[in-house]
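Student: From the sequence below, what's the structure:
(2 chains)
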Amino acid sequence: MTLALAVAVGVLYGTGTYLLLQRTLTRVVIGLAMMGHGANLLLLLAGGSPGLPPLIGDATRERGALADPLPQAMALTAIVITFGTVAFLLALAYRSWALTDDDEVEDDVEDRRIARAPVVPDVVIEQEEP
Amino acid sequence: MRALVPLPLVLPLVAAALTLVAHGRLRVQRAISLVALTATTAIAVALLALVERDGPAVVTIGGWARGIGIAYVADLLSALFLTVAMATVLCVLAFAVGQLRAVQESRYFHPLYLVLTAGVAGSFLSGDIFHLFVTFEVMLLASYVLLTQSGDDGQVRPAMTYVVVNLLSSTLFLTAVALLYGATGTLDMAALGDRVADLPPAVREALRLLFFLVFGIKAALFPLFFWLPDSYPTAPTSVTAVFAGLLTKVGVYAILRTQTVVFGVGDGSPDGFILVVAGATMLVGVLGAIAQDDVKRILSFHIVSQVGYMVFGIGLGTRAGLAATILFVVHHIPVKTALFLVGGLVEETTGSGALRRVGGLGRRMPAVAALFAPGALSLAGIPPFSGFFPKLALVQAGLAGGQYAIVAVSIVVSLFTLFSMTKIWAGVFWGDPEEPPPLARAREDGPLRPPRLMTAATVGLVAVTLGIAVSAGPLFDLALRAADPLLQAGAGR
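Tutor: Residues are numbered from 1 along each chain as shown, chains lettered A, B, ... in the order given. So this is what the prediction gives:
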């Protein structure tokens, strides 16, 4: 595992997390995309040390050690999935912007409802006259 | 028989493609969906019967060696869950077809619904953790679109929470998969148990918690459940019902599989961490339900509470505990879905599910009230109904394991569940509405009639739950046998 790639994974996760915690939807989307890239890179790194030849039929048989093809296949699958979900999320963010004219995420509806509710429901305590 | 194993995944996907081709012709789409899902249900039943007789069936796609190719495994546990899930999916499809409003069944409903089914079936059958990730994504992508179909303001905001939370959990899932592969060099569940046992304890525990976190988000465990009650009620009833019945349970299934087979939880000793999470999930979920005043929202919080029970059984780590969890999931899938369908019938006839705006429906729709009662009593765990048996099994397993605190919590939560069910009963079926219901025909007096096919679908599902109650004894034996492979993996170390 090379240090440069490991650092890149860390930076992608860190930046992604930071962006995910923002209130603007576009930043959330970009944050998720960056975390996805980080995860894909991590998958590649899980395949072992770099520099080994790839799997090319019989040609690699003579050379002995070769790069583990499974994590590469997994990373490819994961890239396609991340692409699809991020595209959907972008469409949803656009829809949200078109509906509310604002990119900010609003407060939770339920929270606001509870905040508005009276603390004690209309209970009238009758006091006895002195 | 091995040819049958991948079919529950393949058949709905092929049907989804066909319904896309038949896009715009609703009748053709309906026919394709109904035929495909009926066939899938039949295949699931056949698989269950064959696996029960001959033992687990394993198919590795493309003839690759196991560990390199993707393995599909149908054992007793996956076949049992698959059968219940497919029967439920079929009933909900009939309900959706019977619903008259066009929004519910737009041109894309059928393809999406079939893809969702394929994802659920694939998750149950997958014998490889990366493949589990892929089927989860198939299921979730379909669910994102189903949840936002109408695309109006009321749906997009809560759906955004749902999508972002689930995407985050998917990214964490991928991270966990990468780390697990880096540590062990395989993702095949059968091989992982031994390899993980050889890892240093700290690495093993970190991986275990990462996977628990990932599936905990999907299964809506405390404190990761907040997205669920927010987003589920906004979807059309048929969609909410199938989400409520299946999606979180797929998460529970993944916890059940990975924690036992891969990380060795089922070794007979209780897992304190899982038990605390289970207790908090039960309690917080039911308290949330009590605070709500809308049928769908009450039921959504109950999903959270009930997931706590399922995880309680896993935390016990004994054969009886795991079997009780399995029976709980088998009972919960149709019961929860049936309750949501009843909520849908109420909304369909009155236009609202808010307790203030409906009332007195016991008089005007006695049939619907009769459909609600068994589900509600079952959820609370009242004896002759299906919910009683798994709860009894859980309490017995808990007492046998000496976990008195969590048993006490589960019994108190049962009482609260009964309380919130009586709240729905009193609000919907008794009394008079405080505010007039939205639909004009509901404001007049006299009997109300929900569409016939919708009622029939609900009746079918309620019949399934009654069937589970009647055959609880043999089913529990089956659950005990289904739990065995999970335990053997744990006992190996």
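
Student: which SS class is the most centrally placed residue in chain A?
Tutor: What sits nearest the mean C-alpha location of chain A, by C-alpha atoms, centre = their mean, is A:Leu32, with 3.0 Å. Secondary structure for A:Leu32, judged by DSSP: H, G, I helix; E, B strand; the rest coil, is helix.

Student: In contact with B:Leu180, which residues?
Tutor: B:129, B:187, B:192, B:196, B:207, B:211 (C-beta atoms under 8 Å, 6 or more residues apart in numbering or on different chains). The C-beta positions use only the backbone N, C-alpha and C, and glycine is treated the same way.

Student: Include secondary structure and distance to chain A when you put those into JSON lines, please.
Tutor: Below are the contacts of B:Leu180 laid out as JSON lines (DSSP: H, G, I helix; E, B strand; the rest coil; distance: C-beta to the nearest C-beta, whole Å):
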{"residue": "B:Ile129", "secondary structure": "helix", "distance to chain A": "10"}
{"residue": "B:Leu187", "secondary structure": "coil", "distance to chain A": "8"}
{"residue": "B:Leu192", "secondary structure": "helix", "distance to chain A": "14"}
{"residue": "B:Val196", "secondary structure": "helix", "distance to chain A": "15"}
{"residue": "B:Leu207", "secondary structure": "helix", "distance to chain A": "12"}
{"residue": "B:Phe211", "secondary structure": "helix", "distance to chain A": "15"}
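
Student: Reformat the residues you listed as a markdown table; add neighbour count, distance to B:Arg66 and pLDDT.
Tutor: A markdown table is the format used below for the contacts of B:Leu180 (neighbours: other C-beta atoms under 10 Å in any protein chain shown; distance: C-beta to C-beta, whole Å; pLDDT from 0 to 100):
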| residue | neighbour count | distance to B:Arg66 | pLDDT |
| --- | --- | --- | --- |
| B:Ile129 | 22 | 14 | 92 |
| B:Leu187 | 24 | 11 | 88 |
| B:Leu192 | 23 | 12 | 87 |
| B:Val196 | 22 | 17 | 88 |
| B:Leu207 | 20 | 22 | 93 |
| B:Phe211 | 23 | 21 | 94 |
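
Student: for the chain, what are the low-confidence residue spans?
Tutor: No chain specified, so I'll use chain A. Low-confidence segments of chain A, defined by pLDDT under 70: A:1, A:56-64, A:106-111, A:114, A:118-130.

Student: I was after chain B.
Tutor: In chain B (pLDDT under 70), the answer is B:100-106, B:488-493.

Student: Around chain A, which positions in it sit nearby?
Tutor: Along chain B, the residues adjacent to chain A under the rule C-beta under 8 Å from any C-beta of the partner chain are B:68, B:130, B:133-134, B:137, B:141, B:144-145, B:148, B:151-153, B:156-160, B:163-164, B:167-168, B:170-171, B:174-175, B:177-179, B:181-182, B:229-230.

Student: out of these, which are inside strands?
Tutor: Assigned to strands by DSSP state E, none of these qualify.

Student: Now for the one residue in the stretch 301-450 of chain B that gets nearest to chain A: which residues touch it?
Tutor: Chain A sits closest to B:Phe301 of the stretch 301-450 of chain B, with a gap of 10.9 Å, by C-beta to the nearest C-beta. By C-beta under 8 Å, 6+ apart, the contact list for B:Phe301 reads B:229, B:285-286, B:288-289, B:292.

Student: That one sits in which helix or strand?
Tutor: Here B:Phe301 sits within helix B:295-316, counting by DSSP states H and E.

Student: The residue most central in space within chain B in helix, strand or coil?
Tutor: Residue closest to the average C-alpha location in chain B (C-alpha atoms, centre = their mean): B:Leu246, at 2.6 Å. Recorded secondary structure, B:Leu246: helix (three-state DSSP).

Student: who are the neighbours in contact with it?
Tutor: Contacts of B:Leu246 (C-beta under 8 Å, 6+ apart): B:85, B:88-89, B:120, B:333, B:337.

Student: try B:Pro229
Tutor: A:110, B:288, B:292, B:297, B:300-301, B:304.

Student: please redo it, this time with the cut-off set to 7 Å
Tutor: Residues near B:Pro229 by C-beta atoms under 7 Å, 6 or more residues apart in numbering or on different chains: B:288, B:297, B:300-301.

Student: Repeat that for B:Val51.
Tutor: The contact partners of B:Val51, by C-beta under 7 Å, 6+ apart, come to B:57, B:74-76, B:79.

Student: Disregarding residues adjacent in the polypeptide, which is nearest to it?
Tutor: B:Ala79 (4.6 Å; C-beta to C-beta, 6 or more residues apart in numbering or on different chains).

Student: re earlier: alpha carbons only: can I get the helix holding B:Phe301 in CSV?
Tutor: Output of helix B:295-316 as CSV, limited to C-alpha atoms (Å, rounded to 0.1, in the frame of the first residue of the first chain):
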residue,chain,number,x,y,z
VAL,B,295,-52.1,6.0,11.7
LYS,B,296,-49.1,5.7,9.4
ARG,B,297,-46.7,7.6,11.7
ILE,B,298,-47.7,5.5,14.7
LEU,B,299,-47.1,2.3,12.7
SER,B,300,-43.8,3.6,11.4
PHE,B,301,-42.5,4.2,14.9
HIS,B,302,-43.6,0.7,15.7
ILE,B,303,-41.3,-0.7,13.1
VAL,B,304,-38.4,0.7,15.0
SER,B,305,-39.7,-0.8,18.3
GLN,B,306,-40.2,-4.2,16.8
VAL,B,307,-36.8,-4.3,15.2
GLY,B,308,-35.5,-3.9,18.8
TYR,B,309,-37.1,-7.3,19.6
MET,B,310,-35.5,-9.0,16.7
VAL,B,311,-32.0,-7.7,17.6
PHE,B,312,-32.7,-8.7,21.3
GLY,B,313,-32.8,-12.4,20.1
ILE,B,314,-29.5,-12.0,18.2
GLY,B,315,-27.9,-10.4,21.3
LEU,B,316,-28.8,-13.4,23.4
